[in-house]
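1. Here's my sequence, what's the structure:
(one chain, ligands or ions: 1)
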Amino acid sequence: MSTTATLHLQSSPIDKEIENLIKSSKDLAVGVGEKSSNQFGPDPAGLDILPENTKERLLAAGIDISEGYPWKPDKSRVPVFLDEATAIRDDDYEYVERGKNADPEKKALFGAATAVINLTKHVGTEIVGLQLEDLNDKQKDELALLVAERVVVFFRDQKLSPQKQLELGDYWGRAERHPQFSQVNGLPGVSVIWVDYFRKSLGLNLTYKNNSLGNWDAQKNTVWGPQVWHTDIVHEKRPSGITHLHLDAIPNVGGDTSWASGYAAYDKLSESFKKFLDGKKAVYVSAHGYLDRKNPFSGPKKIERVHPLVRTHPATGWKFLYVNRTMTKRILGVSSVESELILNYLFEVYEKNADIQARFKWTPSSKPGYGTSAIWDNRVSQHSAAWDHEGNESRHGTRVTSLAEIPYFDPESKSQREALGLSLDEKDFF
Ligand SMILES: [Fe+2]
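-> Residues are numbered from 1 along each chain as shown. As a prediction, the model looks like this:
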C-alpha cells in the first residue's frame, strides 16, 4: 500500500469539505510540509536547474524527463487527517533481515572488491572496485550485515540507475513509497534529494543563518534543511532500516554527510544508566503534521508511535540507542521534566562525540552519469548533511529507504563493545 487509496476509513461530508478546503489552501502546510501548488506530475521548472550529470544518468536509465523533472506528488492522495496517515503501512507482512544469515567474514563481497577501507574504527567503510548493480544475492546479504555492523558503507564511481536502486531497496526490506515527496518520474519509492530544487521551486526557506537552528530544540522550532542530526522515518510501525542515497551531482567542495553510531552512543553510557534505560519506551513523531478529525481547527498534529528506546538489531544482535532530536518526543514511565533532561543528554551523546562518528566527503565521478552511494542503517544511526556549499554548486541525489522490522528489545542481547570484547572499564568514570 503506497497511498491512502486502500484505506478503509470513512469520511463524513463535513470531513470531505474540510479536507478540500485544506488541500486547496496554499498557506496551510498540513500533510505536505511545503507550500506548493496543487499541480502534480513532472515539473518543467526542475529542468531549468537539472545538473548535467543527473540528466546523463536519468536518460541512460530511460527515465522520461521530456515534460519535466522531478515528479511532484499528487496532493489529493496525501492524507489530511491523522487517522488516515497513521493507518498507512500499518498492515502485517513478513520482514526478512537479509544480514542475519550472511557469512560473517563476507568472503563473497570482500573477495570481489579491490579494497575495503575503514573510515574510522567503528563507523564507516568504503568498498572499492565493485559495482552495486552487479552484486549477487549472497553479496547483497553480506553487504546488509556489513552495513548493520559498520553503520554506513560507501561506493564511489557507481553506474546505478534509479530502477536498480529501487530493486536493491526492495531486496533489503520494503522500499518506502513516500506519499508526499518529490520522486523520480515513474518511480514512486525513489525520492529525490535536491535542496536546490526545494529552495527554488518549492520555496524552502533555507539560508546560512537558519540551517542549524533545529539543533537547539528541533521539535519546538522549525527545522530547515538536513543539517540537524536526525534519523529518517521513525514514526512508522516499521521504521526505516537500510537507506541508500546515491548522489549524481556533487559539489567540488562541501556538502559532506556525517553519521553517528547508535551502538557506540549506547556504550558511552554508564553501565547503571544503560540498565535504567533498557526496556524503556518512548514516543516518536512524524516529520509532517495532520489534522485531528475530532478537532480539525486545533491545528496540525504529528503521528505518534511508541517504540523501545533501546533496541536490539536483528542482524548483529547488538543493543543500540534509538533516539534523535527531531523525532523522539517523550520517554514513557518518567516525568516530563526527567524525560526532557534525559533525552537532551542522549541527543548530545550522539551528536558531540567525534569518536563515534564518521564524516564522508562525496566526490564527483569523472565518468558521465556516474555517482557515489552511501548505504546506511537508519536503525543504528543519526546523520547530518552539511550545507556549507549554500546551493552555489548543485547537489542532487536519489534515495531509497527500506522499511525494516517492528522494533524490539531483547534483554539478553549484548552491546557492541560487550560482543566485541572491548573495554567498558568505568574506573575513572565517576
Ligand atoms: Fe536524512
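
2. which residues of the stretch 151-300 of the chain fall in strands?
-> In order along the chain, the stretch 151-300 of the chain carries the following strands (DSSP state E, counting those that start in this stretch): 152-158, 174-175, 183-184, 187-193, 240-249, 257-261, 281-290.

3. make that the stretch 301-430 of the chain, sorry
-> Assigned by DSSP E, counting those that start in this stretch, the strands in the stretch 301-430 of the chain fall at 301-308, 310-312, 319-321, 328-331, 357-360, 371-377, 381-385, 396-403.

4. Just the CA trace of the fourth one, in PDB.
-> Extracted as PDB, the C-alpha positions of strand 328-331 are listed here (Å, rounded to 0.1, in the frame of the first residue of the first chain):
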ATOM      1  CA  THR A 328      11.900  11.400  19.800                       C
ATOM      2  CA  LYS A 329       9.400  13.300  21.800                       C
ATOM      3  CA  ARG A 330       9.000  11.700  25.200                       C
ATOM      4  CA  ILE A 331      10.300   8.800  27.300                       C
END
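
5. For residue 137, see how far away the residue nearest the centre of the chain is.
-> Among the residues of the chain, residue 232 comes closest to the average C-alpha position under Cα atoms, centre = their mean, at 2.8 Å. The gap separating residue 232 from residue 137 is 25 Å, by Cβ to Cβ, to the nearest Å. The C-beta positions use only the backbone N, C-alpha and C, and glycine is treated the same way.

6. Also residue 287?
-> According to Cβ to Cβ, residue 287 and residue 137 sit 33 Å apart.

7. ok, the two, which is more surrounded?
-> The neighbour count for residue 287 versus residue 137, taken as other Cβ atoms under 10 Å, is higher for residue 287 (16 against 10).

8. so that one makes contact with residue 327?
-> Yes. If you go by Cβ atoms under 8 Å, residue 287 and residue 327 touch, sitting 7.2 Å apart.

9. which neighbours do those two share?
-> residue 235 (Cβ atoms under 8 Å, 6 or more residues apart in numbering).

10. roughly how far apart are the residue nearest to the centre of the chain and residue 189?
-> Between residue 232 and residue 189 the distance is 14 Å, computed by Cβ to Cβ.

11. go on, residue 423?
-> For residue 423, the distance to residue 189 - Cβ to Cβ - is 43 Å.

12. more neighbours, these two?
-> Set residue 423 next to residue 189 and count neighbours by other Cβ under 10 Å: residue 189 wins out with 21 against 6.

13. What residues does the more buried one make contact with?
-> 2, 166, 169, 170, 175, 176, 177, 178, 183, 400.

14. Who wins on neighbours among these?
-> When neighbours are counted by other Cβ under 10 Å, residue 400 leads these with 27 neighbours.

15. close enough to count as contact, that residue and residue 169?
-> Yes. The pair residue 400 / residue 169 is scored as a contact, 3.5 Å apart, by Cβ under 8 Å.

16. Quick check: neighbours shared by those two?
-> Shared contacts of residue 400 and residue 169 (Cβ under 8 Å, 6+ apart): 175, 189, 244.

17. Between those residues, which sits nearest residue 52?
-> Nearest to residue 52 out of those is residue 244 (Cβ to Cβ; 23.0 Å).

18. That closest one is in contact with residue 400, isn't it?
-> Yes. Assessed by Cβ under 8 Å, residue 244 is found in contact with residue 400 at 5.0 Å.

19. where do the contact lists of those two overlap?
-> With Cβ under 8 Å, 6+ apart, residue 244 and residue 400 have common neighbours 165, 168, 169.

20. Sort out which one of these lies nearest residue 99 for me.
-> The shortest approach to residue 99 among those belongs to residue 168, at 13.6 Å (Cβ to Cβ).

21. separation between the residue nearest to residue 333 when sequence neighbours are not counted and residue 322?
-> Counting by Cβ to Cβ, 6 or more residues apart in numbering, residue 333 lies nearest to residue 280, which is 6.1 Å off, once chain neighbours are set aside. Residue 280 is 10 Å from residue 322, where distance means Cβ to Cβ.

22. do residue 174 as well
-> Using Cβ to Cβ, residue 174 is found at 20 Å from residue 322.

23. Export whichever helix in the chain runs longest to PDB, keeping only CA atoms.
-> Determined from DSSP state H, the single longest helix within the chain is helix 336-352. C-alpha atoms of helix 336-352 as PDB (Å, rounded to 0.1, in the frame of the first residue of the first chain):
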ATOM      1  CA  SER A 336       8.100  15.100  31.500                       C
ATOM      2  CA  VAL A 337      10.900  17.100  33.200                       C
ATOM      3  CA  GLU A 338      13.100  13.900  33.600                       C
ATOM      4  CA  SER A 339      12.200  12.900  30.000                       C
ATOM      5  CA  GLU A 340      13.400  16.200  28.600                       C
ATOM      6  CA  LEU A 341      16.600  16.200  30.600                       C
ATOM      7  CA  ILE A 342      17.500  12.600  29.700                       C
ATOM      8  CA  LEU A 343      16.600  13.000  26.100                       C
ATOM      9  CA  ASN A 344      18.700  16.100  25.700                       C
ATOM     10  CA  TYR A 345      21.600  14.300  27.300                       C
ATOM     11  CA  LEU A 346      21.200  11.300  24.900                       C
ATOM     12  CA  PHE A 347      20.900  13.600  21.900                       C
ATOM     13  CA  GLU A 348      24.200  15.200  22.900                       C
ATOM     14  CA  VAL A 349      26.000  11.900  23.400                       C
ATOM     15  CA  TYR A 350      25.100  11.000  19.800                       C
ATOM     16  CA  GLU A 351      25.900  14.500  18.400                       C
ATOM     17  CA  LYS A 352      29.000  15.600  20.200                       C
END
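
24. Can you point out the buried residues in that helix?
-> Burial within helix 336-352, assessed by neighbour count using 16 or more other Cβ atoms under 10 Å, is assigned to 339, 342, 343, 346, 347, 349, 350, 351.
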